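Asks: got a structure for you, letters missing:
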């Protein structure tokens, strides 16, 4: 048995010796790219359209908010008169109305006659017809409410002024 084991062992191989002659570096040739002829593109065959069901988002996915369009605020001129007094928060429209030429001429004699009322009505109707087509529906509703509230305010002011001018005492004769 011992003899078999001895045969199984071989002597180690001797290390390879480096070759004495070094190889000369070969000069590299420049690489020339060959022109490859383009293959004709095959015509696409129309495929039947396949409708896919939209994928459901995961339960914890964020909902995408709709994109809001920027609302452009109209630019106000610095010379534009304000409608409301900043200190008292009262309307200034009646002050502007008292400065109108039509109002001043009607009040010049201290009386208002039917012709002056009719001409004022015609000016109001002309302005309403001028502004009406320029407004979208939402703004039209807002301006309508404004005109109604302003008219009610003017009537209430007039009635209050009349009530205040009444004598407080009753005449006994």
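Replies: The structure has been received and is ready for your questions. Small disclaimer: the values here were computed from a predicted structure and weren't measured.
Asks: what segments of the chain are helices?
Replies: Residue ranges of the helices in the chain, as given by DSSP state H, are 2-8, 93-98, 101-107, 114-131, 137-165.
Asks: dump those helices into CSV; add mean pLDDT and distance to residue 67 as well.
Replies: Quick note: C-beta positions are derived from backbone N, CA and C, even for glycine. Shown next, in CSV, are these (pLDDT from 0 to 100; distance: least, Cβ to Cβ, whole Å):
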stretch, mean pLDDT, distance to residue 67
helix 2-8, 54, 83
helix 93-98, 88, 39
helix 101-107, 91, 49
helix 114-131, 94, 32
helix 137-165, 93, 20
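Asks: of all those, which one is nearest residue 75?
Replies: Evaluated with Cβ to Cβ, the helices of the chain place helix 137-165 nearest to residue 75, the distance being 16.3 Å.
Asks: including distance to residue 84 and mean neighbour count, could the helices of the chain go into JSON lines?
Replies: As requested, the helices of the chain are arranged in JSON lines below (distance: least, Cβ to Cβ, whole Å; neighbours: other Cβ atoms under 10 Å):
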{"stretch": "helix 2-8", "distance to residue 84": "114", "mean neighbour count": "7"}
{"stretch": "helix 93-98", "distance to residue 84": "9", "mean neighbour count": "12"}
{"stretch": "helix 101-107", "distance to residue 84": "20", "mean neighbour count": "12"}
{"stretch": "helix 114-131", "distance to residue 84": "20", "mean neighbour count": "11"}
{"stretch": "helix 137-165", "distance to residue 84": "12", "mean neighbour count": "11"}
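Asks: appreciated, that's everything.
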